[in-house]
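Q: Give me coordinates for this.
(chains A and B)
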Amino acid sequence: MTEPGTETPVETGTYVYAVGRHLDEQAMAELEGVGAAPVRVIAHRDLNAVVSTVDLAEFGESALRKNLENLSWVEKTARRHDEVVRRAAAITTALAPFRLVTIYRSDAAARDRIEELYDELVIVLERIDRRSEWSVKIFDRQEPIQSAQSGQSAQSATSGATPAAESTGSGVAYLERRRAEIRQRREAAGDKLAQADQLFWELVPAAAATRRLPPQDQRLTGHQAPMLMNATLLVDDDRSTAFFEMVATLRSKYPSLDIEVNGPWPPYSFAVLDKP
Amino acid sequence: MTEPTLSPRRPAMDRYGLASSTPRPEGLADILERVLDKGIIIAGDIRVNLLDIELLTIKIRLLVVSVDKAMEMGIDWWTRDPMLSNDAQQLADENRKLKERVDELERGSD
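A: Just a heads-up that it's a prediction; the model follows:
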């Protein structure tokens, strides 16, 4: 791109957002991409790549190392990137999103890379075609601690003889009761985990693929009840009704568990290259 | 301005508004997780090791998640601390203490 004797032109690269099929450039045209660049679609064989031409003064190696440490630049770029990917996903049946800041020297270099990865990209697109991702989280529907003799504690409550009154003068009895409560709580928690696991396996047949995820930290989610299970499922769009019906059935089958289902999302978790 | 052509095979997406050009206000943590940890992860010609980027490491992203939650509860000390010297643990502790206090208040002044 540089001719000898001329001033150095702006160095650019090709930023790749995603790869898919049947992507209509017209439908993406009014979007503003990263670095305020227009969004284009380039073709290689039967695949399309959604791209933008970016200025390497902002997206080159040393520029990126600086900009990626800047929260507002990261936020602006990530949101733009995400929006372009979401729009592309909405206009086709299978889209493989690329990671933030995947940039090639040119459109030709991007096409070369797509050619190298062609077979694997086709496998990914076939895996996710006409399928969406759903998140399933299972929480402990916390009930008040029932003592082993739950009938008795109900009686004593109505008769007015509260445990506190009984334990006056008997600290040991109080501690015994507390230990029993804690043991019951632990056993109940173990049971709940097993139930959540069982519920997940009953849901698996409704999905084309599943991934278990670590339960999220309560301190971060701010959720009241402990999360027992966290999973993401790849479900045929045509089978989403059957999926819902299965969830409803499982809700009644496991009344002590809270099932939170979110989706559908474009299947980003499943649009991954198989490890070599 | 032409409306995007929506594939009739993806009505679910449209139902959830993903085809809309208006960005939904969504937490940065969720977006970062999508665009950094999912999809096709391969090297470009422009090499940058994202693990070298402190902002993007897990610790800072934990902070971003906590920030969203913390701000809902009125915690915003980092807006006055440009060095962001406190780490995610301290923020989580503050968060927890505040929640305990709120729970206390909600149980009523017994």
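
Q: neighbours of residue 38, just the number please.
A: The chain I'm using is chain A. The burial count assigned to residue A:38 is 13, neighbours taken as other Cβ atoms under 10 Å in any protein chain shown. In short, each C-beta sits where N, CA and C put it, glycine included.

Q: You answered for a different chain; I wanted chain B.
A: The local packing count at residue B:38 equals 19, with neighbours defined by other Cβ under 10 Å.

Q: And residue A:252, by the same measure?
A: Burial of residue A:252, expressed as a neighbour count using other Cβ under 10 Å, amounts to 7.

Q: that's a strand at it, yeah?
A: No: secondary structure of residue A:252 (DSSP: H, G, I helix; E, B strand; the rest coil): helix, not part of a strand.

Q: Tell me the spacing between it and residue A:82.
A: Between residue A:252 and residue A:82 the computed distance is 37 Å (Cβ to Cβ, to the nearest Å).

Q: Could you pull up the residues touching residue A:63?
A: A:56-57 (Cβ atoms under 8 Å, 6 or more residues apart in numbering or on different chains).

Q: again, only this time at 10 Å
A: A:54-57, A:73, B:46, B:48 (Cβ atoms under 10 Å, 6 or more residues apart in numbering or on different chains).

Q: What of residue A:197?
A: Each residue near residue A:197 by Cβ under 10 Å, 6+ apart is listed here: A:138, A:212, A:228-229.

Q: By neighbour count, which of those residues wins?
A: residue A:138 (28 neighbours).

Q: Can you tell me how far that one is from residue A:242?
A: Residue A:138 sits 20 Å away from residue A:242, going by Cβ to Cβ.

Q: Stretch B:46-56 near chain A anywhere?
A: Yes: residues of stretch B:46-56 contacting chain A under Cβ under 10 Å from any Cβ of the partner chain: B:46-50, B:52-56.

Q: Among the contacts of residue A:197, which lie within strands?
A: Taking DSSP state E, the ones among the contacts of residue A:197 that sit in strands are A:138, A:212, A:228-229.

Q: Can you classify residue A:8 by secondary structure?
A: When the rule is three-state DSSP, residue A:8 gets the label coil.

Q: how deep is it tucked in, by neighbour count?
A: Residues contacting residue A:8 under the criterion other Cβ under 10 Å number 8.

Q: buried ones in stretch B:36-44?
A: Of the residues in stretch B:36-44, those buried under the neighbour-count criterion (16 or more other Cβ atoms under 10 Å in any protein chain shown) are B:36, B:38-40, B:44.

Q: got it, and stretch A:236-243?
A: Neighbour-count burial for stretch A:236-243, with 16+ other Cβ under 10 Å as criterion, is recorded at A:237, A:240, A:243.

Q: Straight-line length of that stretch, end to end?
A: 9 Å (Cα to Cα, to the nearest Å).

Q: mind listing the strands for the stretch 51-200 of chain A?
A: Counting by DSSP state E, counting those that start in this stretch, one finds strands in the stretch 51-200 of chain A at the ranges A:95-97, A:103-104, A:131-140.

Q: so what's residue A:59 up against?
A: Contacts were defined as Cβ under 10 Å, 6+ apart; by that measure residue A:59 touches A:11-13, A:15, A:34-35, A:37, A:52-53, A:67, A:77, A:101, A:103, B:44, B:46, B:48.

Q: Show me the shaky parts of the chain.
A: Assuming you mean chain A. For chain A, the stretches with pLDDT under 70 are A:1-7, A:143-169, A:217-222, A:275-276.

Q: sorry, should have said chain B
A: Chain B contains residues with pLDDT under 70 at B:1-25, B:58-96, B:99, B:102, B:105-106, B:108-110.

Q: quick one on the thing from earlier: closest one of the contacts of residue A:59 to residue A:259?
A: Using Cβ to Cβ, the shortest approach to residue A:259 within the contacts of residue A:59 belongs to residue A:77, at 35.6 Å.

Q: Would you confirm that the closest one contacts residue B:28?
A: No: under the criterion of Cβ atoms under 10 Å, residue A:77 is not in contact with residue B:28, lying 11.2 Å apart.

Q: So these two - more neighbours on which side?
A: The residue with the greater number of neighbours, taking residue A:77 and residue B:28 and applying other Cβ under 10 Å, is residue A:77; the counts read 23 against 18.

Q: can I have stretch A:183-196 written out in PDB, keeping just the CAs?
A: What follows is stretch A:183-196 as a C-alpha-only set of coordinates in PDB (Å, rounded to 0.1, in the frame of the first residue of the first chain):
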ATOM      1  CA  ARG A 183     -26.400 -30.900  60.500                       C
ATOM      2  CA  GLN A 184     -29.900 -31.000  59.000                       C
ATOM      3  CA  ARG A 185     -29.100 -27.900  57.000                       C
ATOM      4  CA  ARG A 186     -25.900 -29.500  55.600                       C
ATOM      5  CA  GLU A 187     -27.700 -32.700  54.700                       C
ATOM      6  CA  ALA A 188     -30.500 -30.800  53.100                       C
ATOM      7  CA  ALA A 189     -28.000 -28.900  51.100                       C
ATOM      8  CA  GLY A 190     -26.300 -32.100  49.900                       C
ATOM      9  CA  ASP A 191     -29.700 -33.500  48.900                       C
ATOM     10  CA  LYS A 192     -30.500 -30.300  47.100                       C
ATOM     11  CA  LEU A 193     -27.300 -30.500  45.100                       C
ATOM     12  CA  ALA A 194     -28.100 -34.100  44.100                       C
ATOM     13  CA  GLN A 195     -31.600 -33.000  43.100                       C
ATOM     14  CA  ALA A 196     -30.200 -30.100  41.000                       C
END
